[in-house]
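Novice: below are the sequence and a predicted model; questions follow.
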Amino acid sequence: MRVGVLSGGGDCAGINAVIRGIVKRAEIHGADVVGIRRGWAGLMEPDLVPLSYGMVEDIFAVGGTILLTSRTNPYKKEGGPELVMKNVNDARLDALIAIGGEDTQGVAHKLAEEGLKAVGVPKTIDNDLSETDVTFGFDTAVNVAVDAIDRIRSTGTSHERVMVVEVMGRDAGWIATHAGIASGAHVILVPEQEFDIDDVCQAVLARRKAGKNFTLIVAAEGARVKMKHGQVTSAQELDQFGHPKLGGIGHLLAGEIERATKLETRDVVLGHILRGGPPLAFDRVLATRLGVAAMDLVAEGKFDRMVALKGNAVVDVDIGEALKPKVLDTDLLSVGRMFS
Ligand code: F6P
């Protein structure tokens with residue numbers, strides 16, 4: 001049996017540990033693994049590399065993805081899906097494992113409906129895929145954010161400033177909420193709930209009045225400003241999955257806060273720092289388990305399924321169901337917002 005594996009969409013810590021898990025398990029099942037480079041792009045213009053365990057044995061702690069990644073959507077090109085299916089056949093791939101978030105899993109699901117034998121592995125720092133309690137990469141991203149914010153807190157406290165920290169999170173505030181709680185944020189802003197800049201300024205002034213000269217605001221990049229701007233974007237174009245390039249909410253907020261409160265305010269964008277670097281232990285373990293389970297699904301002949309974590313068990317779920325956005329836990333957000 002020959003199994004293809006690709007990683008698509010934004011990278012995150014842990015993809016290489018998944019690949020290693022797949023290759024090791026494949027060896028045990030007597031299957032060969034072929035890496036596909038740059039996500040779906042590597043099946044539109046074939047770019048394949050056979051993977052042996054010797055090649056991947058030591059990559060579990062390495063950030064990024066050795067297979068490279070892209071945001072290529074075969075459904076954006078006339079004849080794209082047919083081309084992918086043809087290239088899968090030409091490469092004699094019996095099955096395909098797609099490591100990715102909502103976009104990559106969406107393509108895998110559509111192609112599976114057209115006959116591709118696909119298995120999904122959920123990957124996104126945003127943690128916004130349904131049917132899995134958590135995605136690998138999220139825990140590392142939150143920890144990296146907290147480490148950075150601890151540093152931002154000490155300089156912000158010393159200068160008695162308002163510090164606005166922008167973290168990733170396109171449509172979901174999981175990172176902002178977890179990082180905000182863990183770093184003692186006074187204001188947490190998420191895409192799921194529109195906010196009013198005046199309310200934020202009032203919260204800052206109320207703290208000042210209470211003798212608190214430092215305020216920490218953690219905002220997801222996708223946080224929506226009521227009435228005025230919606231989401232803040234840094235470019236006009238959309239990617240092949242229709243997503244805008246977000247960025248700038250922290251800067252916008254800092255400017256407005258400083259203008260309205262006359263308090264010195266700085267903004268820091270953590271952005272891609274949260275995606276890069278080595279995975280922490282939790283993500284190494286989860287990614288390894290998911291890679292092994294994905295290969296087991298292939299061996300069992302169970303397709304159009306995604307491996308997932310439920311409680312402490314690795315299970316398999318319908319890919320289509322996983323595509324529904326995982327709604328932010330509002331109880332968790334309320335806990336985070338108690339500390340203004
Ligand atoms: O993969 C999800 C994500 O990390 C989002 O949080 C963010 O908006 C986006 O990727 C950024 O993508 P890019 O690397 O293309 O700038």
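Specialist: Received, thanks.
Novice: for V162, list each beta-bridge partner.
Specialist: On the basis of DSSP bridges, V162 is bridged to T215, T265.
Novice: got the buried residues for stretch 213-223?
Specialist: Using 16 or more other CB atoms under 10 Å as the burial criterion, the residues of stretch 213-223 that qualify are 214-223. Quick note: C-beta positions are derived from backbone N, CA and C, even for glycine.
Novice: among the residues you listed, which two are most distant?
Specialist: Farthest apart among the buried residues of stretch 213-223 by CB to CB are F214 and G222. That separation is 25.6 Å.
Novice: strands - which of the buried residues of stretch 213-223 land there?
Specialist: 215-220 (DSSP state E).
Novice: torsion angles phi and psi at E166?
Specialist: Torsion angles at E166 (phi, psi; degrees, to the nearest 10) stand at phi -100, psi 130.
Novice: what is it paired to in the beta sheet?
Specialist: According to DSSP bridges, the partner residues bridging E166 are A219, V269.
Novice: quick one: contacts for it?
Specialist: Neighbour list for E166: 219-221, 247, 249-251, 267-271 [criterion: CB atoms under 8 Å, 6 or more residues apart in numbering].
Novice: and it, what's its pLDDT?
Specialist: The per-residue pLDDT reported for E166 equals 98.
Novice: tell me how far it lies from V232.
Specialist: 9 Å (CB to CB, to the nearest Å).
Novice: filter the contacts of E166 down to the ones close to the ligand.
Specialist: Filtering those for proximity to the ligand by CB under 6 Å from any ligand atom leaves E221.
Novice: generate a ChimeraX selection restricted to the buried subset of the contacts of E166.
Specialist: Buried residues within the contacts of E166, by 16+ other CB under 10 Å, are selected in ChimeraX with:
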select :219,220,221,247,249,250,251,267,268,269,270
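Novice: where does confidence bottom out across the contacts of E166?
Specialist: G247 (89).
Novice: what sits up against stretch 104-119?
Specialist: 6-9, 39-40, 73-75, 81, 84-85, 88, 94-98, 100, 120, 122-123, 129, 241, 294, 297-298, 301-307, 319-320, 322-323.
Novice: what about the closest residue to the ligand within the chain, which helix or strand?
Specialist: Taking CB to the nearest ligand atom, the ligand has its nearest neighbour within the chain at G10, 2.6 Å off. Element membership for G10, per DSSP states H and E: none, as it lies in no helix or strand.
Novice: give me the neighbour count for it.
Specialist: Neighbour count for G10, taken as other CB atoms under 10 Å: 20.
Novice: that one contacts A141, correct?
Specialist: No - G10 lies out of contact with A141 (CB atoms under 8 Å); the separation is 10.7 Å.
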